[in-house]
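**Q** My questions are about this predicted structure, shown below with the sequence.
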Amino acid sequence: MIELEDVHFYLPEKPIFERVNLHIKKGECIGIMGANGSGKTTFARLLNGLLLPQKGVVRVNGKPTIDSESLLAIRRSIGIVFQNPNAQAIGETVEEDIVFGLENIGVPKHEIDRRIDIYLKLLGITELRDRNIGLLSGGQKQLVNLAAVMAMEPECIVLDEPISMLDSCSRKSVAETISGLKRAGTSIVMITHDPGDLVGCSRVFTIAEGRISQTDLETLATCEDTELFEAAGQSEPQSGGVGVDVSHVYEPGTGWAVTALADVSLTIEKGSVTGIIGGIGSGKSTLASLVAGLDTPTTGSISIDGKLPEPGKNVAILFQQPEDFFFERTVRKEMIFGLRQTAMSDGEIRARIHSAISQAGLTRAILERSPFHLSIGEQRLIALASILAMDPEYLVLDEPTASLDSKSRRNVLEIIREIAGRKTVIYISHCIRDVLKIADRIVVLKDGNLVFTGTKSQYLRWASERKRALGC
């Protein structure tokens, strides 16, 4: 169905692909892995003509993507679910978002209604049909994007890290839906960092140094970090900390009103690493935004060391999609911007930037690149480095390892372990395995309610009693 023949693709900073040859058969499911910045998203965009090879040819059903007259048919044949769910949202409501694509390809109205019903139900999000997309969580948006592309029923679906923000139950629902599509003859290209997402793929390929090579999935799985190490020892209690006593409603008094948090009351000790977990739409990111001082709770209050949160001063936040907030032409200028708001000298700013870049596992060469030309994983590491350079006392990290390869993910967890005690870290994640590695205490949210708060050992007992899944 899809053929890549002697494909070359270059960016101004570096070559991405050289002499790539690959044939994806109709109805086949293949997996694509590779480190951050290796070219996985570029590969996805080449498949349906969003990018064109500078040498060689990509063919879909025998038609080259470089042929402008064939491009519409090619893009109907190949649907892509991108990493950043915000980049694909079009409609105001979930229904409008799905309808937009279906109307564009001429699907009759009665069939549109049928498809919306089917795919929302398959992905377990029927209740979101009339919701405002802007008020959904990152994980909910990912599921909506999946439904929108699946409803168009293309011959091939390319999934570029489509479930990086999903909890285990939602991942299972997506996996079952994809299995059903495969059985019906849909080709699947699954791009991921997690070998567990590739079960059922007939072939798995790794992208590295501009080449694509077939890889043994079992070998990849054994290379993954499975160690469950203990969190750093709890330091002596310090005075201060974060006090939370809030309820929060989005768009109160309107038809869009959604209760995100209901009477959530807890204390986060200074110097601790607190993991906040819960399913999609449970209120994790809302709590992050409130603690970081980016929003004011509908009722109640947030205090940090007895004062209101001061964004960029006593607290900093790493967003789920930090790439949405880049605006400078180079990474260096992006990192300098926040530091310029302080009284630091040029020499200290330069030293802070170099130290943070190294701490994030990146090289100084990336400072001269455009943040918009980086992979999602590299963008997340740059955003983390920017926060580290600011050196705030309190850090709120919202899904900091989403879309990161295993090496970068381990590095982020080691950074958190290293600063524990000196800094207070609020670590928000769907990945309970990672939370258990670093957290002193764990907070569980469900449907906007606080259902558990305690130490890691207390959480393990609590979860065991309720037979909750402890894996990612």
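**A** Alright, I've got the coordinates. Predicted model only: the values in this text are computed from it and were never measured.

**Q** What is the neighbour count of Gln458?
**A** 13 (other Cβ atoms under 10 Å). Heads up, the C-betas are built off the backbone N, CA and C, glycines and all.

**Q** helix or strand for it, which one?
**A** helix 456-465 (DSSP states H and E).

**Q** That helix packs against which elements?
**A** Counting contacts by 3 or more Cβ pairs under 8 Å, 6 or more residues apart in numbering; DSSP states H and E, helix 456-465 packs against strand 441-446, strand 449-455.

**Q** now those strands in JSON lines, with distance to Lys423, mean neighbour count and mean pLDDT?
**A** Formatted as JSON lines, those follow (distance: least, Cβ to Cβ, whole Å; neighbours: other Cβ atoms under 10 Å; pLDDT from 0 to 100):
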{"stretch": "strand 441-446", "distance to Lys423": "15", "mean neighbour count": "22", "mean pLDDT": "96"}
{"stretch": "strand 449-455", "distance to Lys423": "20", "mean neighbour count": "16", "mean pLDDT": "96"}
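
**Q** Just put these in a markdown table and tack on distance to Ala257.
**A** A markdown table is the format used below for the helices and strands packed on helix 456-465 (distance: least, Cβ to Cβ, whole Å):
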| stretch | distance to Ala257 |
| --- | --- |
| strand 441-446 | 19 |
| strand 449-455 | 17 |
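
**Q** can you tell me which of those strands comes nearest to Cys201?
**A** strand 441-446 (32.9 Å; Cβ to Cβ).

**Q** Give me the distance from that closest one to the chain's centre.
**A** Its chain's average C-alpha position is 20 Å from that of strand 441-446, according to Cα atoms, centre = their mean, to the nearest Å.

**Q** Mind listing the strands it pairs with, and their directions?
**A** Taking DSSP bridges as the criterion, strand 441-446 sits next to strand 273-277 (parallel), strand 449-455 (antiparallel) in its sheet.

**Q** what angle do it and helix 456-465 make?
**A** Here the directions of strand 441-446 and helix 456-465 differ by 40 degrees (axes from the mean of the first three to the mean of the last three Cα atoms, to 10 degrees).

**Q** can you tell me how far the nearest residue to Asp391 once chain neighbours are set aside sits from Ile336?
**A** Once flanking residues are discounted, Asp391 sits nearest to Arg352: 7.3 Å by Cβ to Cβ, 6 or more residues apart in numbering. Distance from Arg352 to Ile336, counting by Cβ to Cβ, to the nearest Å: 10 Å.

**Q** Common neighbours of these two, please.
**A** Counting by Cβ atoms under 8 Å, 6 or more residues apart in numbering, Arg352 and Ile336 have no contacts in common.

**Q** ok, back up a step: so which bits of the helix holding Gln458 are buried?
**A** For helix 456-465, the neighbour count (16 or more other Cβ atoms under 10 Å) marks Lys456, Tyr459, Trp462, Ala463 as buried.

**Q** Give me the next element, helix or strand, following the helix or strand bottoming out on mean pLDDT in the chain.
**A** Sorted by mean pLDDT, DSSP states H and E, the helices and strands of the chain end with helix 217-223, the least confident at a mean of 56. Note on helix 217-223: by DSSP H and E, the next helix or strand toward the C-terminus is strand 242-250.

**Q** what sits up against that following strand?
**A** Against strand 242-250 from outside (Cβ under 8 Å, 6+ apart): 135, 256-268, 270, 283, 286-287, 290-291, 295, 297-304, 394, 424, 426.

**Q** Tell me how the protein divides into domains.
**A** The chain breaks down by automatic domain parsing into domains covering 2-223, 242-465.

**Q** Counting neighbours, what do you get for Ser70?
**A** For Ser70, using other Cβ under 10 Å, the count is 18.

**Q** And for Gly240?
**A** 17.

**Q** Let me see the contact set for the closest residue to it other than its chain neighbours.
**A** Of all residues not flanking Gly240 in the chain, Asp305 sits nearest, at 3.9 Å (Cβ to Cβ, 6+ apart). Contacts here follow Cβ under 8 Å, 6+ apart; on that basis Asp305 touches Gly240, Gly241, Lys270, Asn314, Glu393.

**Q** Take these and write them to CSV, including pLDDT and distance to Gly200.
**A** Below are the contacts of Asp305 laid out as CSV (pLDDT from 0 to 100; distance: Cβ to Cβ, whole Å):
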residue, pLDDT, distance to Gly200
Gly240, 86, 50
Gly241, 95, 46
Lys270, 95, 46
Asn314, 92, 48
Glu393, 94, 46
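
**Q** could the residues you listed go into JSON lines alongside distance to Val81?
**A** Converted to JSON lines, the contacts of Asp305 look like this (distance: Cβ to Cβ, whole Å):
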{"residue": "Gly240", "distance to Val81": "43"}
{"residue": "Gly241", "distance to Val81": "40"}
{"residue": "Lys270", "distance to Val81": "41"}
{"residue": "Asn314", "distance to Val81": "38"}
{"residue": "Glu393", "distance to Val81": "38"}
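
**Q** out of these, which are buried?
**A** Here, 16+ other Cβ under 10 Å leaves Gly240, Gly241, Lys270, Asn314, Glu393 buried among those.

**Q** Test my guess that Trp205 contacts Ile24.
**A** Just to correct that, residue 205 is Phe rather than Trp. No: checked against Cβ atoms under 8 Å, the pair Phe205 and Ile24 is beyond contact range at 10.0 Å.

**Q** joint contacts of these two?
**A** Ile30.

**Q** isn't Trp462 right up against Gly454?
**A** Yes: assessed by Cβ under 8 Å, Trp462 is found in contact with Gly454 at 7.0 Å.

**Q** just for the protein, where's the confidence low?
**A** Across the chain, the ranges flagged by pLDDT under 70 are 13, 217-237, 467-472.

**Q** just to revisit the earlier point, buried residues, the helix or strand encompassing the residue nearest to Asp391. List them.
**A** Per DSSP H and E, Arg352 falls inside helix 346-359. Going by neighbour count (16+ other Cβ under 10 Å), the buried part of helix 346-359 is Ile349, Arg352, Ile353, Ala356, Ile357, Gln359.

**Q** For the second one, give its distance to Lys141.
**A** Taking Cβ to Cβ as the criterion, Arg352 is separated from Lys141 by 34 Å.

**Q** Please apply the same query to Asp130.
**A** Computed as Cβ to Cβ, the Asp130 to Lys141 distance reads 15 Å.

**Q** neighbour count winner among those two?
**A** Between Asp130 and Lys141, Lys141 has the larger neighbour count (other Cβ under 10 Å), namely 24 against 11.

**Q** Fine by me, we can end here.
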